[in-house]
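Undergrad: okay, sequence plus prediction incoming.
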Amino acid sequence: MLKARIQGNLKIVMLNFYAANEVGRIAAKCLAHEGLHVNEDHVILECVNPGYPAEPGVSGEAVVTGLNAFAQPFIRYRLGDVCKFTEKPCSCGSPFPLISPPHGRLDEAVQLPSGKIDLHLEENGQTRTIPHHPGKCGAPRCRAGV
């Protein structure tokens, strides 16, 4: 409601973006409202599902590499966010890939007695589980227990 009032009164369009302190802006909402375009000229974003790249349309952990931090580079840095690349290109014609907005954090995971870690996400009103196996993340910084 507040967003609609601001946009109406100021005659502007407000768009969301996805960012992290470590690497800055990662992706920004598209004007076609089909997802967020990854800023591939500044970061490399991977969605990893345990240790392997997640297929388009499949959720995975966000792993980023900053391309502009030369003094202290972040290479394949695990953010702990869960996101997914969309399966289709954007209708706006942008060459940058699309992701859906991040929809959870690995910190919200539950470790089962078997050692398997389940992350329950709500996507489009449905709950689904992402299996995550400790120590098999494929990234250099693996959090213990997550």
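TA: Perfect, thanks for sending it.

Undergrad: show the pLDDT at the closest residue to residue 23 other than its chain neighbours.
TA: Leaving out its chain neighbours, the residue that sits closest to residue 23 by Cβ to Cβ, 6 or more residues apart in numbering is residue 66, at 3.8 Å. (C-beta placed from N, C-alpha, C; glycine too.) With respect to pLDDT, residue 66 scores 94.

Undergrad: what is the burial count for residue 66?
TA: Neighbourhood size, residue 66 [other Cβ atoms under 10 Å]: 19.

Undergrad: also residue 38?
TA: Using other Cβ under 10 Å: residue 38 sits among 23 other residues.

Undergrad: correct me, but it touches residue 100?
TA: No. Look at residue 38 against residue 100 with Cβ atoms under 8 Å: they stay out of range, at 11.5 Å.

Undergrad: so where do the strands sit in the chain?
TA: 17-20, 24-29, 36-38, 43-49, 52-53, 60-66, 77-83, 98-99, 110-111, 117-123, 126-132 (DSSP state E).

Undergrad: what distance do you get for the spatially most central residue of the chain to residue 4?
TA: Central residue of the chain (Cα atoms, centre = their mean): residue 83, 3.5 Å from the mean position. Distance, residue 83 to residue 4, using Cβ to Cβ, to the nearest Å: 26 Å.

Undergrad: now do residue 37
TA: 23 Å.

Undergrad: so between the two, which is more surrounded?
TA: A count of neighbours by other Cβ under 10 Å puts residue 37 above the other of residue 37 and residue 4, at 21 against 9.

Undergrad: for stretch 26-39, buried residues please.
TA: The neighbour-count check on stretch 26-39 (16 or more other Cβ atoms under 10 Å) flags 26-30, 34-39 as buried.

Undergrad: picking up where we left off before, residue 11 is nearest to which of the strands of the chain?
TA: Closest to residue 11 of the strands of the chain, according to Cβ to Cβ: strand 24-29, at 18.3 Å.

Undergrad: what sits against the residue nearest to the centre of the chain?
TA: 18, 45, 47, 59-60, 62, 99-103 (Cβ atoms under 8 Å, 6 or more residues apart in numbering).
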